[in-house]
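# here is a sequence with its predicted model. Questions after.
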Amino acid sequence: MRFAIMGSGGVGGYFGARLAEAGHEVTFIARGEHLAAMRRDGLKVSSIEGDLHLGAVEASDDPRQVGEVDAVIVAVKAWQVMDAAEAIRPLVGPETLVVPLENGVEAADTLAEALGEEHVLEGLCGILAWKAAPGHIKHAGVSPFVRFGERDNRKSQRTERLKAAFDAAHGVTAEIPDDIRVAVWSKFLFICAMSGIGALTRAPIGVTRRLPETRELIEAILAEIAAVARARGIALPADAATRAMGFIDALPEASTASMQRDIMAGHPSELESQNGAVVRLGREAGVATPVNAMIHAALLPQERKARGET
């Protein structure tokens, strides 16, 4: 298959590299020093699943030069999805699939509105990875997985073809869940809780899950998200919050979320797409979310400063 990776950081860089290693035609959409390094030296992946160095890669900062592809993997930050949707229009032909791998629960809606419902799948991924340096991706935790499916949960040949492409890649597990929206919200449960508590405390997950006071906050975040999901018609299992806490407990002690790292670095973050989204979607559904509202309010001044709004 012919892939374009929109957003070639930790997530896009890792999965794109594994697809390229498996023999697929992959073009990385990147910019700046990261793009220059890939064009000059290729792409290096340091991974607990095995290191990889692609000596030569296709990389561009202009989707118009790439042309139509079979699938676009959208791996930008959640707050960049709208701009990404406009940028990738030249990549989207009549049969192109667009697969969001963002944190959050609204990326597919945004992409479908911009590009057409017929092109967009629901999707998510699990991986602890980041851009360690230009042209270098570091994968340090979580056995990488992707999950995707038609937005109405119907079975389709195109999702099976996409799964087969990922199945051929080393260091990736691919799955088409029975209910992709449940899968997306289940991932959102733990990543939003981990992001919120980490950004608020500036501590790694090993600390916040161990201290009784912060563990109680994590559990409260999870309970609020689950309540919002169910109020919006998502058929989460009764033990969804418990499962999410179990995933959090299994992470390496030094783990931090990308939103936390961005906030600690003074960069724009996914605050509005994570804890902010819980508050907003909860308000629409008539569900109170006081803990997420507190986290959102506490982090909002720094977020606005990072965006040059104050």
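Thanks, I have it. Numbers count the residues shown, from 1 in each chain.

# show me the contacts for the residue sitting nearest the centre point of the chain.
Nearest to the mean C-alpha position of the chain, by Cα atoms, centre = their mean, lies Glu102 at 2.8 Å. Going by Cβ atoms under 8 Å, 6 or more residues apart in numbering, Glu102 touches 74-78, 81, 273. C-beta coordinates here come from the backbone N, C-alpha and C atoms, glycine included.

# quick check: which element contains it?
Using DSSP states H and E, Glu102 sits in no helix or strand.

# quick one: it from Val287, how far?
Separation of Glu102 from Val287 (Cβ to Cβ, to the nearest Å) stands at 23 Å.

# would you map the strands across the protein?
Taking DSSP state E to define them, one finds strands in the chain at 2-6, 25-29, 43-47, 52-54, 58-60, 69-74, 92-100, 122-133, 136-149, 173-175.

# what's the closest of the ones you listed to Lys305?
Closest approach to Lys305 among the strands of the chain (Cβ to Cβ): strand 122-133, 22.6 Å.

# nearest spatial neighbour of Arg89, chain-adjacent residues omitted?
Leu115 (7.1 Å; Cβ to Cβ, 6 or more residues apart in numbering).

# number of residues surrounding that neighbour?
19 (other Cβ atoms under 10 Å).

# quick one on the thing from earlier: out of the contacts of Glu102, who's nearest Leu162?
Nearest member of the contacts of Glu102 to Leu162, counting by Cβ to Cβ, is Val74, at 13.6 Å.

# how near is the closest one to Arg161?
Distance from Val74 to Arg161, by Cβ to Cβ: 18 Å.

# got it, and Asp152?
For Asp152 relative to Arg161 (Cβ to Cβ), the value is 18 Å.

# ok, those two, which is more surrounded?
Arg161 (13 against 10).

# show only the entries of the contacts of Glu102 found in helices.
Val81 (DSSP state H).

# which of the contacts of Glu102 tops the neighbour count?
Once you tally neighbours by other Cβ under 10 Å, Val74 ends up highest among these, having 28 neighbours.

# tell me how many other residues crowd Arg181.
21.

# for the remainder of this discussion, apply numbering that starts at 21.
Done: numbering now begins at 21, and the last item shifts to Arg201.

# number of nearby residues for Arg59?
Neighbour tally, Arg59, other Cβ under 10 Å: 16.

# ok, the closest residue to it other than its chain neighbours - contacts?
Leaving aside its chain neighbours, Arg59 sits nearest to Ala79 (5.6 Å; criterion: Cβ to Cβ, 6+ apart). Ala79 makes contact with 28, 47-50, 55, 58-59, according to Cβ under 8 Å, 6+ apart.

# nearest to Leu144, out of the residues you listed: which one, please.
Closest to Leu144, out of all of the contacts of Ala79 and judged by Cβ to Cβ, is Ser28, at 18.3 Å.

# in the protein, what residue sits furthest out from the centroid?
Distance to centre of the chain, Cα atoms, centre = their mean, peaks at Pro232 (28.6 Å).

# per-residue confidence at it?
On pLDDT, Pro232 comes in at 98.

# distance check, it against Ala261.
From Pro232 to Ala261 the distance is 17 Å (Cβ to Cβ).

# same question, Ala134
33 Å.

# more neighbours, these two?
Set Ala134 next to Ala261 and count neighbours by other Cβ under 10 Å: Ala261 wins out with 24 against 19.
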